[in-house]
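Engineer: curious how this folds, go ahead:
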Amino acid sequence: MEAEQIERIVEATLLAAHEPLSVDRLAGIFAPGELPADNPRAAVRAALDEIGKRAAGRGFELVRVASGFRFQVNQDMSPWVSRLFEERPPRYSRALLETLALIVYRQPVTRGDIEEVRGVSLSPSIMRTLLERGWIRTVGQRETPGRPLLYGTTRAFLDYFNLASLDELPPMAELVSLTERTLAGETDAPVPDAPDGETENADPRPVAEVIPLPTAER
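Structural biologist: Numbering: from 1, shown residues only. Model prediction:
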């Protein structure tokens with residue numbers, strides 16, 4: 001099969017898919033003999049490279065996340081595209097964002113670890129929200145009395161934040177800055193009041209205090 005036709009098929013498949021597709025899954029849509037027998041995955045990768053180049057400068061882009069490749073709207077187009085949808089994006093509290101940051105940068109962690117660092121009781125609704133979003137999961141149990149559950153992030157978390165792996169996480173200082181600006185209303189990403197049941201201090205400790213900053217970027 002000609003390279004141009006492979007590109008068209010891969011492009012159409014990505015457009016039809018409702019989730020990111022890996023190179024192996026994309027290669028699997030071709031019948032035997034349609035891709036070069038010596039290295040079928042290389043042909044798919046070459047097609048993805050060409051598709052990505054063609055999308056450059058347009059209103060959408062081809063991105064690679066943890067689960068594979070997908071098309072998505074360019075971030076700078078979101079102010080216009082968002083007007084197409086009546087439903088407002090989810091709004092998250094400071095407590096939830098701090099909890100997520102702790103899990104992301106210190107995983108695997110227990111509820112007790114999070115409460116110890118933040119200095120406040122952790123609401124079950126926060127963990128439930130993160131689990132329901134599919135951003136965190138239980139990854140085991142700590143071998144201590146009571147065997148508390150250990151939590152870590154998921155591929156869905158990486159996909160949502162356009163990350164191919166945890167190695168692409170921004171430095172903590174950048175995350176702290178974004179979180180604080182978001183909470184102050186200086187960005188388009190809104191954050192609500194704390195979920196019901198969340199116990200907070202009257203003057204909660206800022207993210208920069210509860211999560212030690214790394215000395216060097218990842």
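Engineer: would you map out the domains in this protein?
Structural biologist: When the chain is parsed with automatic domain parsing, its domains come out as 3-82, 94-210.
Engineer: what's the closest of those domains to residue 88?
Structural biologist: Minimum separation from residue 88 across the domains of the chain (C-beta to C-beta) falls at domain 94-210, 8.0 Å. In this view, the C-beta of every residue, glycine as well, is placed from N, C-alpha and C.
Engineer: neighbouring contacts of the strand or helix carrying residue 117?
Structural biologist: Using DSSP states H and E, residue 117 maps to helix 111-118. Helix 111-118 is contacted from outside by 95, 98-99, 102-103, 106, 121-122, 127, 148-149, 151, 205, 210-211, using C-beta atoms under 8 Å, 6 or more residues apart in numbering.
Engineer: can you give me the distance of the residue of the chain most remote from its centre to residue 40?
Structural biologist: If you look at how far each residue of the chain sits from its centre, by C-alpha atoms, centre = their mean, the farthest one is residue 33, at 36.2 Å. For residue 33, the distance to residue 40 (C-beta to C-beta, to the nearest Å) stands at 10 Å.
Engineer: cool, and residue 61?
Structural biologist: Relative to residue 40, residue 61 is positioned 25 Å away (C-beta to C-beta).
Engineer: please apply the same query to residue 78.
Structural biologist: According to C-beta to C-beta, residue 78 stands 36 Å off from residue 40.
Engineer: tell me which of these two has more neighbours.
Structural biologist: residue 40 (20 against 12; other C-beta atoms under 10 Å).
Engineer: what helix or strand does the spatially closest residue to that one that is not a sequence neighbour sit in?
Structural biologist: Counting by C-beta to C-beta, 6 or more residues apart in numbering, residue 27 is the residue found nearest to residue 40 once chain neighbours are left out, at 5.0 Å. Assessed by DSSP H and E, residue 27 sits inside helix 23-28.
Engineer: following that helix, which helix or strand comes up?
Structural biologist: Heading C-terminal from helix 23-28, the first helix or strand you meet, by DSSP H and E, is helix 40-55.
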